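S.K.: quick one, what's the 3D model for this:
(one chain, ligands or ions: 1)
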Amino acid sequence: MPNLLRLALIQMHIDAGHPEPNFARLEQRLTEAVAASPKPDVILVPEMWNTGYALDRIRELADPAGARTRSFVSEFAKRHGVNIVAGSIAELREGNDGRASKVTNTVYGFDRQGEEIAEYSKIHLFKLMDEHLHLEAGEKPGRFELEGYPAGVMICYDIRFPELARKLALEGAKVLFVPAEWPHPRLHHWRTLLQARAIENQMYVVACNRTGISGTTHFFGHSMVIDPWGEIVAEAGEEETILTAEIDLDLADEVRGRIPVFADRRPSLYE
Ligand SMILES: O=C(O)CCC(=O)C(=O)O
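M.R.: Residues are numbered from 1 along each chain as shown. So this is what the prediction gives:
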């Protein structure tokens, strides 16, 4: 029996430095997404959707312990019986034992019962946008279970690190979720890297990018769903939209059987 999952990717504008309109916009988009027929099984949201890249004020803007985000997403997921991979947000973490608080770029996953099933903080901070000056990097990969299927999550710049995607695939992930804020002029990097991660790891890649302009930075959307053979199943343009697609997770096993990359690896020579 095919393991079908219907996806909805919320490609939306984000107001940098203004969490209130961002919460309101996301609630509206989530409501639109679950009103569709058929209803999605999984919803994916872009990176840093609560604050955008207002890094100079990120400490005052970040969500303390992610509490507001967690309760909002958990409640929505439960009310509508839908899984949500909730973007990522700027989360303020209080330091223990007198250590200073820190801000992380963190994604949470919630299941249809509203239970938290994933938490991952971006491992590779993007120096070109000064992330490393304001945020603290995560320390562990984002492998989780989604309705019994092995899945993984990486955030934006992380997709430039094939080792991380490979690790998740080796741990069984058949689908990789990628929330992002990826701007022009690097559309060809975005598309090529996402396709490469799908082809080399023989897994679905589901990537949701923001859209709109923030300061001088122009985000291009182009959220994508790519199958384990590298075919683009769905791709958005540059406008706000909800991109939908249906995926069959059995295809990952079929492709892995067709070209047995994982069986043919010789890690002793290159790891
Ligand atoms: O790697 C890139 O070109 C974009 C990465 C990025 O914008 C981010 O990680 O926020």
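S.K.: and stretch 126-136, how far from the chain's centre?
M.R.: 18 Å (Cα atoms, centre = their mean, to the nearest Å).
S.K.: and that stretch, anywhere near the ligand?
M.R.: Yes: contact check for stretch 126-136 against the ligand, using Cβ under 6 Å from any ligand atom: residues in range are F126, M129. (C-beta placed from N, C-alpha, C; glycine too.)
S.K.: give me the contact list for that stretch.
M.R.: With Cβ atoms under 8 Å, 6 or more residues apart in numbering as the test, stretch 126-136 has contacts from 53, 55-56, 58, 90, 93, 102-105, 121-122, 125, 156-157.
S.K.: show the buried residues in those residues.
M.R.: When neighbours are counted using 16 or more other Cβ atoms under 10 Å, the contacts of stretch 126-136 contain these buried positions: 53, 55, 58, 90, 93, 102-105, 121-122, 125, 156-157.
S.K.: so which of those residues are in helices?
M.R.: In helices, defined here by DSSP state H, the members of those are I58.
S.K.: now tabulate the buried ones among the contacts of stretch 126-136 in a markdown table and tack on distance to I213.
M.R.: Listed next are the buried ones among the contacts of stretch 126-136 as a markdown table, based on distance: Cβ to Cβ, whole Å:
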| residue | distance to I213 |
| --- | --- |
| Y53 | 12 |
| L55 | 17 |
| I58 | 20 |
| A90 | 20 |
| R93 | 30 |
| K102 | 29 |
| V103 | 24 |
| T104 | 26 |
| N105 | 21 |
| S121 | 27 |
| K122 | 23 |
| L125 | 23 |
| C156 | 18 |
| Y157 | 20 |
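S.K.: run through the buried ones among the contacts of stretch 126-136 and flag the ones next to the ligand.
M.R.: When the buried ones among the contacts of stretch 126-136 are checked against the ligand using Cβ under 6 Å from any ligand atom, the ones in range are C156, Y157.
S.K.: so which of the buried ones among the contacts of stretch 126-136 belong to strands?
M.R.: In this view, the buried ones among the contacts of stretch 126-136 that belong to strands under DSSP state E are A90, R93, K102, V103, T104, N105, S121.
S.K.: between those, which is nearest the ligand?
M.R.: Each of those was scored against the ligand by Cβ to the nearest ligand atom, and N105 proved nearest at 8.1 Å.
S.K.: skipping adjacent residues, who's closest to that closest one in space?
M.R.: Setting aside the residues directly before and after it, N105 is nearest to K122 in space (Cβ to Cβ, 6 or more residues apart in numbering), at 4.1 Å.
S.K.: surely that neighbour meets E91?
M.R.: No: counting by Cβ atoms under 8 Å, E91 is not a contact partner of K122; they are 10.8 Å apart.
S.K.: the nearest residue to V153 once chain neighbours are set aside and the ligand, how far apart?
M.R.: Setting aside the residues directly before and after it, V153 is nearest to G142 in space (Cβ to Cβ, 6+ apart), at 3.9 Å. With distances defined as Cβ to the nearest ligand atom, to the nearest Å, the gap from G142 to the ligand amounts to 15 Å.
S.K.: same check, this time on R79
M.R.: When distances are taken as Cβ to the nearest ligand atom, R79 and the ligand turn out to be 31 Å apart.
S.K.: which residues touch that residue?
M.R.: G114.
S.K.: swap in A62?
M.R.: Contact partners of A62, counting by Cβ under 8 Å, 6+ apart, are N50, T51, I89, A90, E91, L92, V103.
S.K.: next, format those residues as JSON lines and append distance to I14 and pLDDT.
M.R.: As requested, the contacts of A62 are exported to JSON lines (distance: Cβ to Cβ, whole Å; pLDDT from 0 to 100):
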{"residue": "N50", "distance to I14": "8", "pLDDT": "98"}
{"residue": "T51", "distance to I14": "8", "pLDDT": "98"}
{"residue": "I89", "distance to I14": "11", "pLDDT": "98"}
{"residue": "A90", "distance to I14": "11", "pLDDT": "98"}
{"residue": "E91", "distance to I14": "16", "pLDDT": "98"}
{"residue": "L92", "distance to I14": "18", "pLDDT": "96"}
{"residue": "V103", "distance to I14": "16", "pLDDT": "97"}
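S.K.: could I get these in JSON lines, plus columns for distance to N3?
M.R.: Supplementary listing: the contacts of A62 in JSON lines, determined by distance: Cβ to Cβ, whole Å:
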{"residue": "N50", "distance to N3": "32"}
{"residue": "T51", "distance to N3": "35"}
{"residue": "I89", "distance to N3": "29"}
{"residue": "A90", "distance to N3": "34"}
{"residue": "E91", "distance to N3": "32"}
{"residue": "L92", "distance to N3": "37"}
{"residue": "V103", "distance to N3": "37"}
